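Novice: fold the stuff below for me.
(chains A, B, C and D)
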There are 2 protein chains.
Amino acid sequence: MVTLAEVARHAGVSASTVSYVLSGKRSISSGTRDRVERSIKELGYHPNAGARALASSRSNIIALMMPLRTDMYVPVMMEIAIAVATTARAHGHDVLLLTGEEGPAAVRRVVGSGLADAMILMDVELLDARLPLIRETGRPAVLIGLPADTTGLTCVDLDFAATGALCAEHLAGHGHREIAVVGEAAAVYERHTGFAERTRDGLHRRARELGLRTLHRPCEGSYESMAGTLARIFDERPGTTGFVVQNEAAIDPLLSLLRQQGRAVPEDVSVVAICPDQVAAQAAVRLTSVAIPAQEMGRRAVELVMAKLDGRDDDGTRQVTLLPPELTVRASSGPAPVTG
Amino acid sequence: MVTLAEVARHAGVSASTVSYVLSGKRSISSGTRDRVERSIKELGYHPNAGARALASSRSNIIALMMPLRTDMYVPVMMEIAIAVATTARAHGHDVLLLTGEEGPAAVRRVVGSGLADAMILMDVELLDARLPLIRETGRPAVLIGLPADTTGLTCVDLDFAATGALCAEHLAGHGHREIAVVGEAAAVYERHTGFAERTRDGLHRRARELGLRTLHRPCEGSYESMAGTLARIFDERPGTTGFVVQNEAAIDPLLSLLRQQGRAVPEDVSVVAICPDQVAAQAAVRLTSVAIPAQEMGRRAVELVMAKLDGRDDDGTRQVTLLPPELTVRASSGPAPVTG
DNA sequence: GCGGTATGTTGAAGCGCTTCGACAACGCCT
DNA sequence: AGGCGTTGTCGAAGCGCTTCAACATACCGC
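Specialist: Presented below is the predicted three-dimensional model:
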């Protein structure tokens, strides 16, 4: 392996000069810089990451903690992960992938060893066991998701309450009076992952203001469970004409079942989904949907982390970034059918 | 931050002794070991990763290179990634997540800087641009997938040729004579990601041996493209009674469309999918399928990497590990309908 | 032509760990 | 009792980089 010293010798300068050329922390005459850069290229030099981390106490790595759960919608996680990795690289950082498996201990390990300069946590629960650690270590961290108490924390998330409200408004605007919400799997609510509850509550509140009747039912993603859920919904509220689906896995089953039952979308029943645009566009009926801005969330999280690492900490204000939901009208929603 | 030296002082031993307690590379009397371990716990010591990497030229990090593509089935990738991370942790290693974005340069960077001790590459193409680098750097690497030329490389993959053959056998065994294969998106074949072609070829060969007529059609995952593909299949081969689906995204659309056309599964038409078990079990009809052992692939890849890092290199033999396919019979396949 | 400020470059001191060779202390054998 | 191999511990030399203080040089106004 080529070392900095060899580059220095080759270029006829001192090691520190090479270092300053690399980091740009000191001004260097363009002549020297050129010579050094040429030597670097010629020798195929790559700075040693360990030595760098040791000397500068900066690893240029940020840790991304992902859950292990399988009841979350995986493509969204993946999209966030990729956005995080891509954005981090654009800032000269790499991403360490941590699974939830180790739990809070992973935070301690990674922070304690100086392996990562900062962390991004996904799948945050309302009372997340990792939060105390994050607060006490004081290492830069950004959460994707919203815990119950956000004091001292920086969070990014879609504004799910507004998302729920937006869905209610859209359906109300088309004259629907009774709507059903196909929620996430029951386990998601039990675990108190905030987003599902915030969506539900935001939707309920706005629906009440608009005079809508709502019915909220959790649902596993499978075809069978969707069948059961749907039957119970129409059983309890035969007048239901609008659906909001939050569990992406339930989308295809729902559309299948509705068609099977002879209910046309959007003529008889309108459907609004909360899902990535790609999913909405590829479904059997092109779905009116509120997008989950996975990429944007990942990107923002990294930007916030970088700001902290660079010490431009926005006064510690505006700690919670809620992305405004955007509803795209496609082919699955329309005026409520004229009854009676 | 607590350092090794402080632990040593606290325990009344030398720094090297603490180091040897930690690494176990030298025998230590149980008395000393206890004292050191107690000090470590008491002081909350975590070895500094950078210093360790510098001194030992081992970072205890393995890099996982994932593609950025969106035409691959994401959940499988994710499952592999998580299995890799989990298994790596069990071996005391962490995982660095690299996206395809940087391309081959990422290999050079990560290897050159000593950031990672080894690499695992996913989404390997037949003529992958990363392979020459891998070969020349000589760093331990394992591919998930099979390139055209595997000399000097270690690979893990599902035996897709056998998978295709197995599907043909299953359908032939039930008396089907004309079968259609719904393949991956055309882009996947154009990119020459080996698995799709190997499945196709394996299936064709066995089908010919068994006297089956086959028709292979690539298919994007969307509902619309599946509709088009299906129409063309029945147009060209009205007698088709068996389907093999390789594109997971096409599964739900296919089942929907078949039902819509009044073709009952499995009475009129049998369907065999190549997909993760979970997908097969959750579909509208529980699918007879060949599982994609994502977890197993991730786990194996890490085990192989670890073997290389530990110098137990299995004589360099058995470089290619092909996992045997397993077909699970569920509710979507059965005897071919009696014609005439 | 002088003090003073920029500007460019350098030597040396670590960063916290691993690891090698040395060494003491302790049986054990003959 | 003397030499032997074993076992447990230590000191010191780095690993390759960053960064500080110091220095050399050039340039400015007066």
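Novice: chain neighbours aside, what residue packs nearest to residue A:191?
Specialist: Closest residue to residue A:191 apart from its sequence neighbours, by Cβ to Cβ, 6 or more residues apart in numbering or on different chains: residue A:125 at 6.0 Å. Any C-beta I mention is one placed from the backbone N, CA and C, and that applies to glycine too.
Novice: that neighbour and residue A:195 touch, don't they?
Specialist: No - counting by Cβ atoms under 8 Å, residue A:125 stays clear of residue A:195, with 10.3 Å between them.
Novice: which one's more surrounded, these two?
Specialist: residue A:195 (21 against 17; other Cβ atoms under 10 Å in any protein chain shown).
Novice: am I right that the more buried one is in a helix?
Specialist: Yes - under DSSP: H, G, I helix; E, B strand; the rest coil, residue A:195 sits within a helix.
Novice: what residues does the residue nearest to it when sequence neighbours are not counted make contact with?
Specialist: Distance criterion Cβ to Cβ, 6+ apart; nearest residue to residue A:195, sequence neighbours excluded, is residue A:160 at 4.8 Å. Residue A:160 makes contacts with A:194, A:195, A:196, A:198, A:199, A:202, A:325, as judged by Cβ atoms under 8 Å, 6 or more residues apart in numbering or on different chains.
Novice: now, among those, which is nearest to residue B:145?
Specialist: Proximity to residue B:145 was ranked across the contacts of residue A:160 by Cβ to Cβ; first place goes to residue A:195, at 34.6 Å.
Novice: show me what contacts the closest one?
Specialist: Per Cβ under 8 Å, 6+ apart, neighbours of residue A:195: A:145, A:146, A:157, A:158, A:160.
Novice: reformat those residues as JSON lines; add secondary structure, distance to DNA strand C and pLDDT.
Specialist: Listed next are the contacts of residue A:195 as JSON lines, based on DSSP: H, G, I helix; E, B strand; the rest coil; distance: Cβ to the nearest atom of the strand, whole Å; pLDDT from 0 to 100:
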{"residue": "A:145", "secondary structure": "coil", "distance to DNA strand C": "33", "pLDDT": "94"}
{"residue": "A:146", "secondary structure": "coil", "distance to DNA strand C": "36", "pLDDT": "94"}
{"residue": "A:157", "secondary structure": "strand", "distance to DNA strand C": "36", "pLDDT": "96"}
{"residue": "A:158", "secondary structure": "strand", "distance to DNA strand C": "40", "pLDDT": "97"}
{"residue": "A:160", "secondary structure": "helix", "distance to DNA strand C": "43", "pLDDT": "97"}
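Novice: what's the distance between the residue nearest to residue A:195 and chain B?
Specialist: Distance, residue A:160 to chain B, by Cβ to the nearest Cβ, to the nearest Å: 22 Å.
Novice: for residue A:93, same thing?
Specialist: 11 Å.
Novice: wait, isn't that residue in contact with residue A:58?
Specialist: No - with contact defined as Cβ under 8 Å, residue A:93 does not reach residue A:58; the gap is 9.6 Å.
Novice: overlap in contacts of these two?
Specialist: Both residue A:93 and residue A:58 are in contact with residue A:117, where contact means Cβ under 8 Å, 6+ apart.
Novice: ok, the two, which is more surrounded?
Specialist: residue A:93 (23 against 14).
Novice: residues in contact with that one?
Specialist: A:60, A:61, A:62, A:117, A:306.
Novice: out of these, what pair is the most spread apart?
Specialist: Going by Cβ to Cβ, the pair spanning the contacts of residue A:93 furthest: A:61 and A:306, at 12.7 Å.
Novice: write out the residues of chain A neighbouring DNA strand C.
Specialist: Contact residues (Cβ under 7 Å from any atom of the strand) of chain A with DNA strand C: A:12-17, A:20, A:26-29, A:31-33, A:51, A:54-55, A:57.
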